[in-house]
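**Student:** Here is my input; please provide its structure:
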Amino acid sequence: YPATPMWVTVAQSRQITLPLLAILLHIESDGKAARVASSGGLTATGLMPTIRSMNALTEKAAAADAYAKLYEFAPLDQYTFKQRVIIRVAGFVLYWLIRVIGATLKFEVHGMEHHPDSKTLANDEPLVYSFWHNRIPIATYFWRRRGIIVMSSQSFDSEYIARFIQRFGYGAAKGSSTRGAVAGLVQMIRAVRAGKSAAFTVDGPRGPQYEAKPGAVMLAAKSGAALLPFSISMDRCWRLRSWDRLEIPKPFARVVVVLGERIYVPESEGNDEGWRARLQASLEALREQSDGLIAKIF
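**Tutor:** I've put the predicted structure just below:
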């Protein structure tokens, strides 16, 4: 504390009762510190800006802590010992598989002018990346280390996928057991409003394949961020026997990435079917374009 504290003058005209017997505040101003003290019955109009500042700092710190948790592995207490082992091993193995293979891939990117990395756009504008579910592995590698937030459901399969993407620097917003995907969507809206970008597999988590659902459109409308549809195609990959035929790139594959124009959804039109249809049409056109470019390579 400073040797000679400066006390805030008590103003009797406007009372602010403080619940604690004594409060000590450190306020930085012009490189100096001031100490403010007050008792339960004393009031100070001058404390109002300080209290508002404290509340803002507290809210900011709480938000930062909540966002930090999105990048941490979730506890696995609800799973059996066998399931916990599988989740940990699968997430770890998938991460290293994609990381090693990813280093051998050759990317060709089209439409990068629609992305914030472009010199023509603001670098700090959050986006809602929108793509098809079966491109998760290759998309995860391509957009890695950007702090993007993704939706993750409360399920066994989603747990190891969440750990896989978190190792690449993504955050995972999870729905609760009682509120389901709504809770996860609320987390994503708050994160995007705070400046984080998000990613949405628009036909997930269970399909039908290549059929866009309204979640990404709702997120864009409520958060104010633009949708950024994109498609990724590879000349060779492994396809799993899942509902979406999940694609895992083979070593030294050629990869084409096509980014579409941004789509800005008005806040009041998040449930409008027209915007979902527009996103659907954009993604279909982008997939056709990326598949066509890959076909021209060979």
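
**Student:** Just the element for T140, please.
**Tutor:** In the assignment (DSSP states H and E), T140 maps to helix 136-142.

**Student:** just checking, next helix/strand downstream of that helix?
**Tutor:** Sequence order places strand 149-152 as the next helix or strand after helix 136-142, per DSSP H and E.

**Student:** Tell me how many other residues surround A173.
**Tutor:** Around A173 there are 23 other residues, counting by other C-beta atoms under 10 Å. For every residue, glycine as well, the C-beta is placed using N, CA and C.

**Student:** Wasn't it part of a helix?
**Tutor:** No - counting by DSSP: H, G, I helix; E, B strand; the rest coil, A173 falls outside a helix, being strand.

**Student:** Helix, strand or coil: sort out the residue nearest to it when sequence neighbours are not counted for me.
**Tutor:** In this structure, A173 finds its nearest non-sequential neighbour in Q187, 3.9 Å apart by C-beta to C-beta, 6 or more residues apart in numbering. Three-state call for Q187 (three-state DSSP): helix.

**Student:** Can you point out the buried residues in stretch 233-241?
**Tutor:** S233, M234, D235, C237 (16 or more other C-beta atoms under 10 Å).

**Student:** Contact partners for the closest residue to the last one other than its chain neighbours?
**Tutor:** This means C237. In this structure, C237 finds its nearest non-sequential neighbour in E247, 4.5 Å apart by C-beta to C-beta, 6+ apart. By C-beta atoms under 8 Å, 6 or more residues apart in numbering, the residues touching E247 are N134, R135, P137, I138, M234, C237, W238, R239.

**Student:** burial of the nearest residue to the fifth one once chain neighbours are set aside, as a residue count?
**Tutor:** Distances taken as C-beta to C-beta, 6+ apart put A253 closest to M234, at 4.7 Å, once the chain neighbours are dropped. Applying other C-beta under 10 Å, we find 19 other residues in the vicinity of A253.
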